[in-house]
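Asks: below: sequence and its predicted model.
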Amino acid sequence: MANRMAIIKKLGEYFMKKGKVLSIKEYNLQEDKPMRHLIVKRVFNSWSRMEKYVMHHFPEIGTIKSEPVKEVKKVVPKKKVVKEVKEDE
């Protein structure tokens, strides 16, 4: 059971960083995954069972909202008005 809890903790922290519990296809595409998916399947016998354990121990996954990005005002340069100089004759 200790091995299972260590995996739950490691994957829970990883999914918290990602913002959601990844599917097995999404997980395999990641470059920074903490362990191979076969280790997870060997311990839990299925990916969906692991998802249930992780969601039970880390219910806040996906609920943490990042700070909204502030909109940058678009600066439009003002048109330069060129005055014509009249020459006195």
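Replies: All right, it came through fine. Every value quoted in this text rests on a predicted model; they were computed, and no experiment measured them.

Asks: all the strands of this structure, in order from the start?
Replies: Counting by DSSP state E, the chain forms no strands at all.

Asks: helices of that one, start to end?
Replies: Ranges of helices in the chain, per DSSP state H, are 2-18, 24-29, 37-44, 47-57.

Asks: want to throw the ones you listed into TSV with distance to Pro77 and mean neighbour count?
Replies: Heads up, the C-betas are built off the backbone N, CA and C, glycines and all. Formatted as TSV, the helices of the chain follow (distance: least, Cβ to Cβ, whole Å; neighbours: other Cβ atoms under 10 Å):
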stretch	distance to Pro77	mean neighbour count
helix 2-18	41	15
helix 24-29	43	13
helix 37-44	53	15
helix 47-57	52	15
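
Asks: out of these, flag the one nearest Val85.
Replies: Among the helices of the chain, helix 2-18 comes nearest to Val85, with 64.7 Å by Cβ to Cβ.

Asks: thinking again about what came up before, possible to save the helices of the chain as JSON lines with mean pLDDT and distance to Lys86?
Replies: Output for the helices of the chain, formatted as JSON lines (pLDDT from 0 to 100; distance: least, Cβ to Cβ, whole Å):
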{"stretch": "helix 2-18", "mean pLDDT": "88", "distance to Lys86": "69"}
{"stretch": "helix 24-29", "mean pLDDT": "92", "distance to Lys86": "70"}
{"stretch": "helix 37-44", "mean pLDDT": "92", "distance to Lys86": "81"}
{"stretch": "helix 47-57", "mean pLDDT": "90", "distance to Lys86": "79"}
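
Asks: which residue would you name as the spatial centre of this structure?
Replies: Lys18 (3.8 Å; Cα atoms, centre = their mean).
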